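Colleague: Please work out how this folds:
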Amino acid sequence: MTKDSATSDFPLSTPMDVRLGITKLVDVAFPLRWGIIGAGSISDQWVRCLRECEGATVTAVAARSADRAKEFAAKHGITSAYDNYAEMVADPDVDIVYVGTITRLHKEHSLLAIEAGKHVLCEKPLAENASDARAMYAAAAKKGVMLQDGMWTRFFPAVEHARTAIEAGTIGEVVMTQSDFFDPIYAIQAAPLAFGAQATPTVIIAAGQNASGAIVEYGDDKCAVLTFPPFNSELAEVTELIGTKGRITLEQPGHCPTRITIRVPPPNGVPSRYRTANAPAPTQHFEYPLPGFVSIPKASPNQHGFLYQAEAIHRCLASGLCECPQYNQEESLHAMDLLTEINKAKEVTAQR
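Modeller: Residues are numbered from 1 along each chain as shown. Okay, the predicted model is just below:
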């Protein structure tokens, strides 16, 4: 790991909650009993990562059928299996619920758990639209429990490094981000990462259906260029954060990166090859290997990195926090607002 003395004594990839001094690394051991809603592949991979989180135990699972729930429970050594979601969230041996069902059920299942007084980690996208997301956050606030958007991208050490570098001014003022992925919410979250959740979009332009994209302007001099290629295409899958003094690349796969590249000209240099006789900026590469002790057969790319988010949740709840700063409510809603507006714009284009 690399340290930046200009910002703190922590390595650049230090989890944001620890770097800010609001949690302690040792609190990954904070005990939480997890209940799982949904017995699909995403839940399977989450449970495998939770096994390696020191304070985590998985005590219950609920699925659409008793057989499916029992099969999942037997596979993972889970004590209780339910075919009734309401019964599972009422289980006194469950502290926090992971919602791993399809997007259109996220609101229903999250609210069920919140009403039962349980903390919730809900897979991304948090909801179908921003209005539903706001209703979910309001319900969690009323109950005083955590509702954490499952944007696991933000917890990868490479992304933690990128955010620390942005805050330190390593690449100057960020003026553009470019990001691509077939699941739009992954590309969209690059906008608040680059510009902050409080930045106000001034223009949103979107077009296309299966292959689509959007341009989000933030005033006259900042914008996010977001593209959503088809699933079965050879997409670039990188995120670029472009500043007035340099550039950060979250390398493929950009939604769960293990490599980061930073390009910054030397002092008094200029960040444009057109002013340096085509001489490139010096390049720094940083590697953050996945936790090798997590075992996930036939995993989707870098799913082992679910562990980073799980550990952050344990640390934050140990400190009495109801959100993780890596992707808090404000950033989550910023991204959900963008997703909602982009989907509306695409619908208008489709009707022409």
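Colleague: When you work out contacts or count neighbours from here on, use the C-alpha atoms and nothing else.
Modeller: Noted.
Colleague: any weak-confidence spans in the chain?
Modeller: 1-8, 268-270 (pLDDT under 70).
Colleague: what's the residue closest to the geometric middle of it?
Modeller: residue 151 (2.1 Å; CA atoms, centre = their mean).
Colleague: Could you find the closest non-adjacent residue to that one?
Modeller: Using CA to CA, 6 or more residues apart in numbering and skipping residues adjacent in sequence, the residue nearest residue 151 is residue 124, 5.7 Å away.
Colleague: do the same with residue 36
Modeller: Once flanking residues are discounted, residue 36 sits nearest to residue 61: 4.5 Å by CA to CA, 6+ apart.
Colleague: For the one you found, grab phi and psi.
Modeller: phi -140, psi 140 (degrees, to the nearest 10).
Colleague: if we can go back for a sec, report how many residues lie close to the residue nearest to residue 151.
Modeller: Residue 124: 21 surrounding residues under other CA atoms under 10 Å.
Colleague: Surely it and residue 149 touch.
Modeller: Yes. At 6.3 Å, residue 124 counts as touching residue 149 under the criterion of CA atoms under 8 Å.
Colleague: between the two, what contacts are shared?
Modeller: Counting by CA atoms under 8 Å, 6 or more residues apart in numbering, residue 124 and residue 149 have no common neighbour.
Colleague: ok, the residue nearest to residue 36 - contacts?
Modeller: So residue 61 contacts 35-39, 69, 72-73, 78, 80-82, 88 (CA under 8 Å, 6+ apart).
Colleague: try it again with 10 Å
Modeller: Listed by CA atoms under 10 Å, 6 or more residues apart in numbering, the contact partners of residue 61 are 34-39, 43, 68-70, 72-73, 76, 78-85, 88-89, 94, 97-98.
Colleague: State the distance from it to residue 85.
Modeller: Taking CA to CA, to the nearest Å as the measure, residue 61 falls 9 Å from residue 85.
Colleague: what comes up buried for the lengthiest helix in the chain?
Modeller: When the chain is parsed with DSSP state H, its longest helix is helix 329-351. Going by neighbour count (16 or more other CA atoms under 10 Å), the buried part of helix 329-351 is 329, 331-339, 341-343, 345-346.
Colleague: Report the contact partners of residue 19.
Modeller: When contacts are counted by CA under 10 Å, 6+ apart, residue 19 is found next to 7, 8, 9, 10, 11, 12, 13, 25, 160, 164.
Colleague: An error on my part: the question was meant for residue 325.
Modeller: Counting by CA under 10 Å, 6+ apart, residue 325 makes contact with 15, 16, 17, 18, 20, 22, 154, 155, 312, 316, 331.
Colleague: Redo those residues as a markdown table? Include secondary structure.
Modeller: Supplementary listing: the contacts of residue 325 in a markdown table, determined by DSSP: H, G, I helix; E, B strand; the rest coil:
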| residue | secondary structure |
| --- | --- |
| 15 | coil |
| 16 | helix |
| 17 | helix |
| 18 | helix |
| 20 | coil |
| 22 | coil |
| 154 | helix |
| 155 | helix |
| 312 | helix |
| 316 | helix |
| 331 | helix |
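Colleague: Out of those residues, which end up buried?
Modeller: Here the buried ones among the contacts of residue 325, as counted with 16+ other CA under 10 Å, turn out to be 15, 16, 17, 18, 154, 155, 312, 316, 331.
Colleague: shared neighbours of residue 61 and residue 85, which are they?
Modeller: Joint contacts of residue 61 and residue 85 (CA under 10 Å, 6+ apart) are 36, 37, 38.
Colleague: between the residues you listed, which has the most around it?
Modeller: With neighbours taken as other CA under 10 Å, the top of the shared contacts of residue 61 and residue 85 is residue 36, carrying 31 neighbours.
Colleague: Please enumerate the strands of the stretch 251-352 of the chain.
Modeller: 259-263, 283-287 (DSSP state E, counting those that start in this stretch).
Colleague: One more: the stretch 1-150 of the chain?
Modeller: Going by DSSP E, counting those that start in this stretch, the stretch 1-150 of the chain shows strands at 32-37, 56-62, 80-82, 96-99, 119-123, 147-150.
Colleague: so residue 293 touches residue 49, yeah?
Modeller: Yes. Using CA atoms under 10 Å, residue 293 is in contact with residue 49, at 9.5 Å.
Colleague: Compare these two and say which one has the larger neighbour count.
Modeller: A side-by-side neighbour count of residue 293 and residue 49, using other CA under 10 Å, places residue 49 first with 25 against 9.
Colleague: How about the contacts made by the more buried one?
Modeller: Counting by CA under 10 Å, 6+ apart, residue 49 makes contact with 43, 56, 291, 293-296, 303-311.
Colleague: so who does residue 185 touch?
Modeller: So residue 185 contacts 124, 125, 126, 151, 226, 228, 255, 332, 335, 336, 338, 339 (CA under 10 Å, 6+ apart).
Colleague: Look at residue 31 and say how many residues are nearby.
Modeller: 17.
Colleague: Start and end of stretch 248-266, how far apart?
Modeller: For stretch 248-266, the first-to-last residue distance is 15 Å (CA to CA).
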